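Chemist: Predicted model and sequence follow; I will ask about them next.
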Amino acid sequence: MNKFVFVVCGAKEHIEELNFSLKFLRYYSKNEIIVLTDSKRNEIDIEHDNILQVETPAEFNNHQASIFIKTGINKFLPTGLNYCYLDGDIVAINENVDKVFDFYKSPISFAADHCVMREFSPHAMNCKCVEENLKEEDIFNEKLGELFGKINLTDSRIKKQSEELLAIFNTYRAAPIKYLFRNISYLLKRYVLPLKSFYLENYRFQKSNKCWYNSEKEIVLFDYPYYEKRLWGTAGIRFNKAGNFWEDKEGKKYEFKAPQCNHLTEYLNKEYGVNIPPNWQHWNGGVFLFDDSSADFLNYWHEQTIKEFSNPYTKTRDQGTLALTVWKFGLQNHPNIPQEFNWITEYANNNIAWRKEFGYTRDCFKTSFTPSLLHIYHEWGKTGWSIWESVVMLGKENELV
């Protein structure tokens, strides 16, 4: 018999996410759904009729309590059954969700994460690598601010909007005949007509300073050739087209990639004697399948995760110890659950999107993609984000929201 399992503890926002996700899973799945919780911690009620109470150590905060239940999940459920664990921010969007159980391979099955170990490392360790990356972004924005005032081109939201605007330009350039009238209209508005500003889809171009603005009146892009000499002379920075990075007069590069480091792999090697390559595609803890044969794996994962709660060098998470457990059990090449059952939807990734006429895509609509479970791990409820809008539309169509 197959059963889905959620875990939640504490804050209202997490329980609201779970209540939302429960509505969708109940609608699309024919399987029983269990929620594990320590109810005395919860700020609001869980809207479900199959809840199992788990007593968590009083010294743990709510986040630790949730991880305590999640990694020890086999201890709190009846034996002899097949289970699929889901994070509360995972939303079912079609009836194929029950097919996830077909992909179980003993002793346990997880989906892959959306990044590799060296990219996850700064978010698992208190190594200051994220903070150092943010410092560089602040320095860069301060330099730009000498010309533009308040500006933050490194913010994920602004970066996404600037990429969207550039994509519009590239679309028009790539098909000049198809977009002939739009191209002519743009050229007239920008170079001929006596306009102070004009719009290109959702973005406004201000002629006086040659900058593009979003609806919140924030700069998302500026005419670089116009500012090139002033940027170098005033702010001391310029864009290196050959290398695709910004640089200053001291030769420092500003590339604004996601922070990366090897501190997690180095720590696990030193502390536990496992040597995990920094480019290994680690597993994501948002969805996993298990049964009675998973006990040894889950027990080790649970024990090491709880142990790390008291370590100031590691952050309170479960994926670093999950990677450790995978390699300890020699499962680093074990089959993963297909991506459609844990599609990690990144807001800042323009390759990930939805359109009503095309559906979902993970390569900017070069192809379509049909997921069954969306992992909306950030920007939950983000108005204007196509992924979230798709969920809302689906919920309204089926009277779930």
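Modeler: On my side now, so go ahead. All values reported here derive from a predicted model rather than from experimental measurement. Numbers count the residues shown, from 1 in each chain.

Chemist: can you pull out the helices in the protein?
Modeler: When assigned using DSSP state H, the helices of the chain occupy the ranges 12-28, 62-71, 117-124, 129-148, 156-174, 180-187, 224-230, 263-272, 295-308, 319-328, 386-397.

Chemist: so what strands line up beside the worst-scoring helix or strand of the chain on mean pLDDT?
Modeler: Least confident helix or strand of the chain, by mean pLDDT, DSSP states H and E, is strand 253-254 with a mean of 83. The strands that strand 253-254 pairs with in its sheet are strand 245-248 (antiparallel) (by DSSP bridges).

Chemist: In CSV, could you pull the C-alpha coordinates for the partner strand?
Modeler: This file holds the C-alpha atoms of strand 245-248, laid out as CSV (Å, rounded to 0.1, in the frame of the first residue of the first chain):
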residue,chain,number,x,y,z
PHE,A,245,32.5,40.0,-16.7
TRP,A,246,32.8,43.4,-15.1
GLU,A,247,36.2,44.6,-13.9
ASP,A,248,37.7,47.5,-12.0
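
Chemist: Which residues does that strand contact?
Modeler: Contacts to strand 245-248, defined as CB atoms under 8 Å, 6 or more residues apart in numbering, come from residues 140, 143, 236-240, 253-255. Any C-beta I mention is one placed from the backbone N, CA and C, and that applies to glycine too.

Chemist: picking up where we left off before, how about CSV for the helices of the chain, with mean neighbour count and mean pLDDT added?
Modeler: Written out in CSV, the entries for the helices of the chain read as follows (neighbours: other CB atoms under 10 Å; pLDDT from 0 to 100):
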stretch, mean neighbour count, mean pLDDT
helix 12-28, 19, 98
helix 62-71, 22, 97
helix 117-124, 22, 94
helix 129-148, 15, 86
helix 156-174, 15, 88
helix 180-187, 13, 92
helix 224-230, 12, 92
helix 263-272, 18, 96
helix 295-308, 18, 98
helix 319-328, 23, 97
helix 386-397, 16, 96
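
Chemist: between the ones you listed, which gets nearest to Glu218?
Modeler: Proximity to Glu218 (CB to CB) singles out helix 156-174 among those, at 6.4 Å.

Chemist: helices or strands next to that closest one in the packing?
Modeler: For helix 156-174, the elements it packs on are helix 180-187, strand 203-206, strand 219-222, judged by 3 or more CB pairs under 8 Å, 6 or more residues apart in numbering; DSSP states H and E.

Chemist: hmm, back to that, so which pair among the contacts of strand 245-248 is furthest apart in space?
Modeler: Taking CB to CB as the measure, the contacts of strand 245-248 have their most distant pair in Gly236 and Glu255, spaced 17.1 Å apart.

Chemist: which one of the two has more residues nearby?
Modeler: Gly236 (14 against 11; other CB atoms under 10 Å).

Chemist: re the thing from before, run through who's touching the least confident helix or strand of the chain.
Modeler: With CB under 8 Å, 6+ apart as the criterion, strand 253-254 contacts 136, 139-140, 237, 240, 243, 245-248.

Chemist: Could you tell me how far it lies from the centre of the chain?
Modeler: Strand 253-254 sits 24 Å away from the centroid of its parent chain (CA atoms, centre = their mean, to the nearest Å).

Chemist: and if you look at stretch 130-138?
Modeler: Once both centres are worked out by CA atoms, centre = their mean, stretch 130-138 turns out to sit 19 Å from its chain's centre.

Chemist: about what we covered before: show the buried residues in the contacts of strand 253-254.
Modeler: 136, 140, 237, 246-248 (16 or more other CB atoms under 10 Å).

Chemist: can you redo these as a markdown table with distance to Ala92?
Modeler: Formatted as a markdown table, the entries for the buried ones among the contacts of strand 253-254 read as follows, by distance: CB to CB, whole Å:
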| residue | distance to Ala92 |
| --- | --- |
| Glu136 | 40 |
| Phe140 | 41 |
| Ile237 | 47 |
| Trp246 | 42 |
| Glu247 | 47 |
| Asp248 | 49 |
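
Chemist: ok so, going back, farthest-apart pair in the contacts of strand 253-254, please.
Modeler: For these, the farthest-apart pair by CB to CB is Ile139 and Gly243; their separation is 18.6 Å.

Chemist: gap between Cys84 and Glu255?
Modeler: In this structure, Cys84 and Glu255 are separated by 39 Å, where distance is defined by CB to CB, to the nearest Å.

Chemist: per-residue confidence at the nearest residue to Ala167 once chain neighbours are set aside?
Modeler: For Ala167, the nearest residue in space outside its immediate sequence neighbours is Asn350; the separation is 6.8 Å by CB to CB, 6 or more residues apart in numbering. For Asn350, the model assigns a pLDDT of 83.

Chemist: okay, now Asn350: neighbour count?
Modeler: Asn350: 15 neighbours (other CB under 10 Å).

Chemist: Please name the residues that touch it.
Modeler: Asn350 makes contact with 160, 163-164, 167, 364, according to CB under 8 Å, 6+ apart.

Chemist: would you turn the contacts of strand 253-254 into TSV with distance to Ser293?
Modeler: Below are the contacts of strand 253-254 laid out as TSV (distance: CB to CB, whole Å):
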residue	distance to Ser293
Glu136	47
Ile139	52
Phe140	51
Ile237	57
Asn240	54
Gly243	51
Phe245	49
Trp246	52
Glu247	55
Asp248	57
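
Chemist: List the contacts of the spatially closest residue to Glu308 that is not a sequence neighbour.
Modeler: Closest residue in space to Glu308, ignoring its immediate chain neighbours: Thr314 at 4.8 Å, by CB to CB, 6+ apart. When contacts are counted by CB under 8 Å, 6+ apart, Thr314 touches 124-126, 267, 308, 320.

Chemist: ok, Thr314 to Lys70 distance?
Modeler: 17 Å.

Chemist: cool, and Cys211?
Modeler: The value you get for Cys211 to Lys70, if CB to CB is used, is 47 Å.

Chemist: again, but for Lys307
Modeler: 15 Å.

Chemist: Then Asp363?
Modeler: In this structure, Asp363 and Lys70 are separated by 32 Å, where distance is defined by CB to CB.

Chemist: Likewise for Asp113?
Modeler: In this view, Asp113 and Lys70 are 16 Å apart by CB to CB.

Chemist: next one: Ser390
Modeler: With distances defined as CB to CB, the gap from Ser390 to Lys70 amounts to 27 Å.
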